[in-house]
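Trainee: would you be able to build a 3D model of this:
(one chain, ligands or ions: 1)
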Amino acid sequence: MAASTLAPVADERIIVDEDYGQVCDRVADLIATLITAKPTAVLGMATGSTPRGVYERLIRLHQRDGLDFSRVTCFNLDEYYPIEAASPHSYHEFMNRVLFSSINCRQWHVPNGLPRTPEAIAEDCLRYEELIRAVGGIDLQILGIGRTGHIGFNEPGSSPFSRTRLVHLDAATRRDAAAGFGGLENVPTQAISMGVCTIMEAKQIVLMASGASKAEIVRAALQEKPTAEIPATYLQFHPNLRYFLDEAAASLCLGT
Ligand code: F6R
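Mentor: So this is what the prediction gives:
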């Protein structure tokens, strides 16, 4: 695998590859190694465009090399609210389409986006946390990063102690999603998201970022003092986290 030809990064948490495909190769290999060593591994999954290449590779590893997901449990970070699971825009449908319909994972969970009372939502959020705890916690959490610095849908202002809950989406996040929904007016204003604390409890975190549009927020996540204004900065406190970046996403933190 060709690593980046740019100046080496001093920070060993940061792994830079030339392009997105190589980043995905690396992350897929990491996941395959984990599942081979621990067939009952618990994975935290993200949606969005960044991890899609990883999911393509996991499907290939399953179909070509027999990578077995039958005892793996997956928990997704978030879901829009309100949304039907069968909606083409739901994260439930997205995960089914890009991964789960093509591998043999039987236990996969996405927060429930169905409209219901605040009490029912709060109860389901508690249950989501309990389900994660009941299987021993998340072994490896995949994260993307939003331009607002969100992880999951923990937007600016999120507490480091937050847990799975109903959240409001930032205007910038909704604008980024508008094309997929056929217009800003169709993008839900809320979502259900694992909290910062839920994410921080994962034993290992892999944050992926690709492209020049992520360079500034990646730099901020790594270099700004931890602050609620950029929730990804909280990740600096995680003892087992690596940033898998392509050169474009890493361009503002190289050589630091
Ligand atoms: C997705 C999620 C978000 C995305 C982030 C980046 O489940 O929780 O935090 O990871 O918005 O999205 P992309 O990868 O589309 O740039």
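
Trainee: and G66, how many residues sit next to it?
Mentor: Using other CB atoms under 10 Å, G66 has 8 neighbouring residues. Any C-beta I mention is one placed from the backbone N, CA and C, and that applies to glycine too.

Trainee: residue numbering should commence at 50 henceforth.
Mentor: Got it, first residue is 50 now, which makes that one G115.

Trainee: now it, what are its backbone angles?
Mentor: Backbone torsions of G115, given as degrees, to the nearest 10, read phi 80, psi 20.

Trainee: against the ligand, how distant is it?
Mentor: According to CB to the nearest ligand atom, to the nearest Å, G115 and the ligand sit 28 Å apart.

Trainee: kindly report the same for A86.
Mentor: Taking CB to the nearest ligand atom, one finds A86 at 26 Å from the ligand.

Trainee: for that residue, what are phi and psi?
Mentor: phi -80, psi -30.

Trainee: now for it, how many residues are close by?
Mentor: 9.

Trainee: can you list the residues of the stretch 200-305 of the chain near the ligand?
Mentor: 200-202 (CB under 6 Å from any ligand atom).

Trainee: show me the helices in the protein, by range?
Mentor: Secondary structure of the chain (DSSP state H): helices at 69-86, 101-114, 140-147, 167-183, 220-230, 245-249, 264-272, 296-299.

Trainee: which residues are in contact with stretch 275-287?
Mentor: Surrounding stretch 275-287, the residues in contact under the criterion CB atoms under 8 Å, 6 or more residues apart in numbering are 192, 194, 198-200, 203-209, 245, 249, 251, 254, 256, 266, 269-271, 273-274, 290.

Trainee: ok, the residue nearest to L83 when sequence neighbours are not counted to E142 distance?
Mentor: Leaving aside its sequence neighbours, L83 sits nearest to A90 (CB to CB, 6 or more residues apart in numbering; 5.2 Å). Distance, A90 to E142, by CB to CB, to the nearest Å: 24 Å.

Trainee: okay, those two: which has more neighbours?
Mentor: A90 (20 against 16).

Trainee: ok, now which ones touch the residue of the stretch 150-299 of the chain found nearest the ligand?
Mentor: Proximity of the stretch 150-299 of the chain to the ligand (CB to the nearest ligand atom) peaks at G193, 2.5 Å away. Contact analysis of G193 by CB under 8 Å, 6+ apart lists 95, 97-100, 256-258.

Trainee: can you rerun that using 6 Å?
Mentor: Shown in contact with G193 (CB atoms under 6 Å, 6 or more residues apart in numbering): 95, 97, 99, 257.
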